[in-house]
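# Return a 3D structure for these sequence lines:
(2 chains)
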Amino acid sequence: MDAAFIIETIVKIVVIMLIFSALAGFGTYFERKVLAFMQRRLGPMHVGPYGLLQIMADGIKLFTKEDIVPQNVVKPIFKIAPVITAATAFMAAAAIPFWPQFTVMGYTVHPIVADINVGILYVLGVMAIGLYGPLLGGMASANKWSLISAARSAAIFISYEVITGLSLLAPLMMVGSLSLIDINNYQAGGITNWIVWSQPVAFILFWIAAFAETGRTPFHLVANDHEIIDGFGTEYSGMRWGLFFIGEYANMFFISFVMAIIFLGGFGDGTIAGAVQLILKVAFFFFFFLWTRAAWPDVRPDQLMWLCWKVLMPIAVLNVIVTGIVMMF
Amino acid sequence: MFEAIAFYLFAALTIVMFTITVMTSQALYALTAMAAGMIFISAFFFILGADFLGAIQIIVYTGAVMALYAFGMMFFDTTRNVVEKRTNPQIVFILGTLAAIMVVAIVVAPIVSNNIQALYPIQEGVGNSQAVGMVLFTKYLVPFEVAAVMLLVAMIAGIVLAGKKMDKSLTLMAEEEIEMMHASTETHQERGEH
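Residues are numbered from 1 along each chain as shown, chains lettered A, B, ... in the order given. Below you'll find the model as predicted:
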């Protein structure tokens, strides 16, 4: 381990942190704009041109708001819960290849912090830790809405972990490696080699589960405004609430990257065109999260569990078995 | 040098976390510290180059501790301290000390007597998950299959135990139907008493 490696890793970590924290801010702006246009409104318009500086205004508001810690909460747990959400979202990003390797002034840069050979397992595992944020925040809040939200988050995340794992099993059997770079190189031959053509069922299942993992709208039961106020976030204010927000949006971007790399070919053969394509695919998945929020209502908790255990899980198991049989003969 | 720093850092963190788990009387502290300790243990696997086991450690134990949280939610008011009944602290102390000494003896004995042999040497050019797969499907095939059968038995037992009235859903029934269902169960109970 030489000094260059350490400096490179630190620079990569800082760059990823900065880019995705900023993107989380822009994400809120895009979300408000997209939702507004789909509902024939204008969205944020007053701060800056087309409301672009709204992000700054929101940031200043979050940072300068009073940080209220209510009286009956379990204080250390209450304080650490938002940090868990934000920190695990960024920790998961360590094994995601964001870009093909490129050369700057004779120095080859690999835009991945840690190329461990079980990349996808690590990413999904650490994203799964992120659910401790809503769970602990809800249980420590001494508030009934928060407690309901915590119970829901435990149920939803445990259930949909099963779908994520089983749906990924089939593509991983085909590739024979858990490394996201290997999965990407398996599809390097172009659009016909994308795993989505040979594993469409797994792709749809993983996509549905991604909505549950990030807690986005059809499955937004952990903080469903019209039933349980803001769920685990009810008692939070200021930057602690902001950290929950950053974690949620960073998670949306990272799961979009994972979906684009596993199913839609990632950055392809590693040229500039492939890299631009990867960004476009991620942008599409992010846009789809917002589109669904504008178009669909939330489902009920029992419908969510029914969907998971009685529909998606049998399909996922069948998909694994069929893939195994096809690969054997 | 980095490995040493990382090892001592995570060793200290793990010990602190599990100490909190044992010593605290607040259910939320205990569960959170336990989850953190389990995740810090995965660092040792990563330091040793066993990436696969490290990732599995994170996935399995977050799920397992989550289930404990669910129980915590059902049985305790997690914002209050749990009042423990300590009838005989001496026995607890003696048994705890003995158990700790025994665990240390079990781990240290083969190292002291130089009786450890690596039966499965590291194969060159084989990834982490492949290496686990090879051992699992050769040496440990029978325990692996037995574990699978046991899990299947547990799953079927769980379905049988919890599966009563699973075809009925209270959220899908009309008010009157629920009323009728309650009324019929009450009459059944009355008949049982007489």
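# The closest residue to chain B within the stretch 151-300 of chain A: neighbouring residues, count only.
Going by Cβ to the nearest Cβ, chain B is nearest to A:Ala154 of the stretch 151-300 of chain A, at 5.3 Å. C-beta: built from backbone N, CA, C; applies to glycine. A:Ala154 has 22 neighbours, counted by other Cβ atoms under 10 Å in any protein chain shown.
# Distance of it relative to A:Met91?
21 Å (Cβ to Cβ, to the nearest Å).
# quick revisit: give the next helix or strand downstream of whichever strand or helix holds the residue of the stretch 151-300 of chain A closest to chain B.
According to DSSP states H and E, A:Ala154 maps onto helix A:144-175. Under the assignment DSSP H and E, the closest C-terminal helix or strand after helix A:144-175 is helix A:180-186.
# Show me what that next one is packed up against.
helix A:119-129, helix A:144-175, helix A:238-263 (3 or more Cβ pairs under 8 Å, 6 or more residues apart in numbering or on different chains; DSSP states H and E).
# Give the buried residues for the second one.
Pointing back at helix A:144-175 there. Within helix A:144-175, the residues that count as buried by 16 or more other Cβ atoms under 10 Å in any protein chain shown are A:145-172, A:175.
# Distance of A:Phe102 relative to A:Leu264?
Note on A:Phe102: its distance to A:Leu264, by Cβ to Cβ, is 21 Å.
# For these two, indicate the residue with more neighbours.
For A:Phe102 and A:Leu264, the more surrounded residue by other Cβ under 10 Å is A:Leu264, and the numbers stand at 21 against 14.
# Test my guess that the more buried one contacts A:Gln199.
No. Between A:Leu264 and A:Gln199 there is no contact under Cβ atoms under 8 Å: 11.4 Å.
# quick one: the residue nearest to A:Thr271 when sequence neighbours are not counted from chain B, how far?
Once flanking residues are discounted, A:Thr271 sits nearest to A:Pro100: 7.3 Å by Cβ to Cβ, 6 or more residues apart in numbering or on different chains. Distance of A:Pro100 to chain B, computed by Cβ to the nearest Cβ, to the nearest Å: 22 Å.
# Tell me how many other residues crowd A:Pro100.
Count around A:Pro100 with other Cβ under 10 Å applied: 20.
# which ones are touching residue 128?
The chain I'm using is chain A. A:157, A:161, B:58-59, B:62-63 (Cβ atoms under 8 Å, 6 or more residues apart in numbering or on different chains).
# was after chain B, sorry
A:117-118, B:49-53.
# make it 7 Å
By Cβ atoms under 7 Å, 6 or more residues apart in numbering or on different chains, the contact set of B:Asn128 is A:117-118, B:50-52.
# A:Pro301 now?
A:152, A:221.
# Can you show me the helices along chain B?
B:2-23, B:27-47, B:51-75, B:89-112, B:128-137, B:141-162, B:175-193 (DSSP state H).
# Pull the distance from the fifth one to the chain's centre.
If you compare the mean C-alpha spot of helix B:128-137 with that of the full chain, they lie 23 Å apart, counting by Cα atoms, centre = their mean, to the nearest Å.
# quick one: buried residues of that helix?
B:128-129.
# what about residue 55, how many neighbours?
Assuming you mean chain A. A:Ile55: 19 neighbours (other Cβ under 10 Å).
# look at chain B instead
As a burial measure, B:Ala55 scores 27 neighbours (other Cβ under 10 Å).
# Mind pulling the model confidence for it?
According to the prediction, B:Ala55 has pLDDT 85.
# State the distance from it to B:Phe45.
8 Å.
# per-residue confidence at the closest residue to A:Gly165 other than its chain neighbours?
Spatial nearest neighbour of A:Gly165, excluding adjacent residues (Cβ to Cβ, 6+ apart): A:Leu124 at 7.4 Å. In this model, A:Leu124 is scored at 85, pLDDT.
# residue closest to the middle of chain B?
B:Ala64 (4.3 Å; Cα atoms, centre = their mean).
# For it, list the residues it contacts.
Taking Cβ under 7 Å, 6+ apart as the definition, B:Ala64 has no contacts.
# Would you confirm that A:Trp194 contacts A:Ala188?
No. Using Cβ atoms under 7 Å, A:Trp194 is not in contact with A:Ala188, being 10.4 Å away.
# For the two, work out which one has more neighbours and name it.
Using other Cβ under 10 Å as the criterion, A:Trp194 and A:Ala188 rank with A:Trp194 on top: 19 against 15.
# what about the more buried one, distance to A:Thr214?
From A:Trp194 to A:Thr214 the distance is 23 Å (Cβ to Cβ).
# what stretches of chain B score poorly on pLDDT?
Within chain B, the stretches with pLDDT under 70 are B:67-68, B:70-79, B:119-125, B:166, B:169-171, B:185-194.
# and it, what are its domains?
B:1-84, B:85-116, B:126-194 (automatic domain parsing).
# Please identify the deepest-packed of those domains.
domain B:1-84 (a mean of 17; mean count of other Cβ atoms under 10 Å in any protein chain shown).
# need the residues of the stretch 201-329 of chain A near chain B, please.
Proximity of the stretch 201-329 of chain A to chain B (Cβ under 7 Å from any Cβ of the partner chain) is limited to residues A:300, A:302.
# Tell me the secondary structure at the residue in the stretch 201-329 of chain A that chain B sits nearest to.
In the stretch 201-329 of chain A, the residue that lies nearest chain B is A:Asp302 (5.2 Å; Cβ to the nearest Cβ). Three-state assignment for A:Asp302 (DSSP: H, G, I helix; E, B strand; the rest coil): helix.
# Near it, how many other residues are there?
A count of nearby residues for A:Asp302, using other Cβ under 10 Å, gives 12.
# And it, how far from A:Gln277?
Going from A:Asp302 to A:Gln277 by Cβ to Cβ gives 40 Å.
# ditto for A:Val118
From A:Val118 to A:Gln277 the distance is 26 Å (Cβ to Cβ).
# Between those two, tell me which one has more neighbours.
Shown here are A:Val118 and A:Gln277; by other Cβ under 10 Å, A:Val118 has more neighbours (23 against 18).
# Quick check: the more buried one touching A:Leu180?
No. With contact defined as Cβ under 7 Å, A:Val118 does not reach A:Leu180; the gap is 9.8 Å.
# Next up, the contacts around residue 42.
All of this is about chain A. Taking Cβ under 7 Å, 6+ apart, one finds A:Ala36 in contact with A:Leu42.
# try chain B instead
B:54, B:57-58.
# now those residues in JSON lines, with distance to chain A?
As requested, the contacts of B:Ser42 are exported to JSON lines (distance: Cβ to the nearest Cβ, whole Å):
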{"residue": "B:Gly54", "distance to chain A": "8"}
{"residue": "B:Gln57", "distance to chain A": "9"}
{"residue": "B:Ile58", "distance to chain A": "4"}
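# got a markdown table for these, with distance to B:Ala6 too?
Formatted as a markdown table, the contacts of B:Ser42 follow (distance: Cβ to Cβ, whole Å):
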| residue | distance to B:Ala6 |
| --- | --- |
| B:Gly54 | 12 |
| B:Gln57 | 16 |
| B:Ile58 | 16 |
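# just curious, which of the residues you listed is nearest to A:Ser21?
Each of the contacts of B:Ser42 was scored against A:Ser21 by Cβ to Cβ, and B:Ile58 proved nearest at 23.6 Å.
# State the distance from the closest one to A:Ile120.
13 Å.
# B:Met181 now?
According to Cβ to Cβ, B:Met181 stands 47 Å off from A:Ile120.
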